[in-house]
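In: show me the folded form of this:
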Amino acid sequence: MSFHFAMQKVLDYRQQLEEEAKIKLSQAQTRVRDAETRVTELRELIDEAERKARENPVLNAAEFWIGQQYMRGLSEDLASSETQLKMAYSLRDEAQKVLTLRAIDKNMLVKLKERQKQSWDHAEKLKEQHFNDEIATIRHQKTSIG
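Out: Model (predicted):
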């Protein structure tokens with residue numbers, strides 16, 4: 001007879017939930033990295049545009065207007081990307097909290113299973129010892145009678 005954990009299906013379900021939470025965290029971390037990369041790229045583009053504007057002063061009003069529109073567009077893109085980055089951080093933090101809770105739930109059942117297994121092992125050893133004691137007693141009685 002082998003050990004049977006009555007809550008194995010619940011444990012399996014909680015392990016599945018933990019795996020799903022790990023996947024969601026991984027996806028959230030990817031979103032954060034992508035958003036960070038986008039923000040960095042936009043900041044570099046703005047720095048480069050400002051450097052070029054300093055090195056090559058504008059010759060006429062049309063070029064000035066185009067340069068200003070370009071900088072305004074980059075600035076708006078940067079603001080939008082920073083907002084997306086903040087949201088990505090928030091989603092990542094939430095995914096981390098969910099994963100932590102899922103892991104705690106699963107670990108509680110794992111520990112319960114381990115305790116029940118130890119208790120079962122102990123009971124099995126006691127049964128085996130009791131059986132061996134009975135056999136020894138019977139043998140002893142046969143040798144003392146015969």
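In: ok, which stretches of the chain are helices?
Out: When secondary structure is read from DSSP state H, the chain shows helices at 8-55, 61-145.
In: between the ones you listed, which one is nearest to M1?
Out: Judged by Cβ to Cβ, the one of those that comes nearest to M1 is helix 61-145, at 8.0 Å. All C-beta spots, glycine's among them, are computed from the backbone N, C-alpha and C.
In: report the angle between the axes of that closest one and helix 8-55?
Out: Between the direction of helix 61-145 and that of helix 8-55, the angle (axes from the mean of the first three to the mean of the last three Cα atoms, to 10 degrees) works out to 160 degrees.
In: the helices of the chain into CSV, with extra columns for mean neighbour count and mean pLDDT?
Out: Below are the helices of the chain laid out as CSV (neighbours: other Cβ atoms under 10 Å; pLDDT from 0 to 100):
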stretch, mean neighbour count, mean pLDDT
helix 8-55, 14, 96
helix 61-145, 13, 94
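In: contacts only, for the spatially closest residue to L42 that is not a sequence neighbour.
Out: What sits nearest to L42 in space, not counting adjacent residues and going by Cβ to Cβ, 6 or more residues apart in numbering, is L78, at 4.4 Å. With contacts defined as Cβ atoms under 8 Å, 6 or more residues apart in numbering, L78 is in contact with 39, 42-43, 46.
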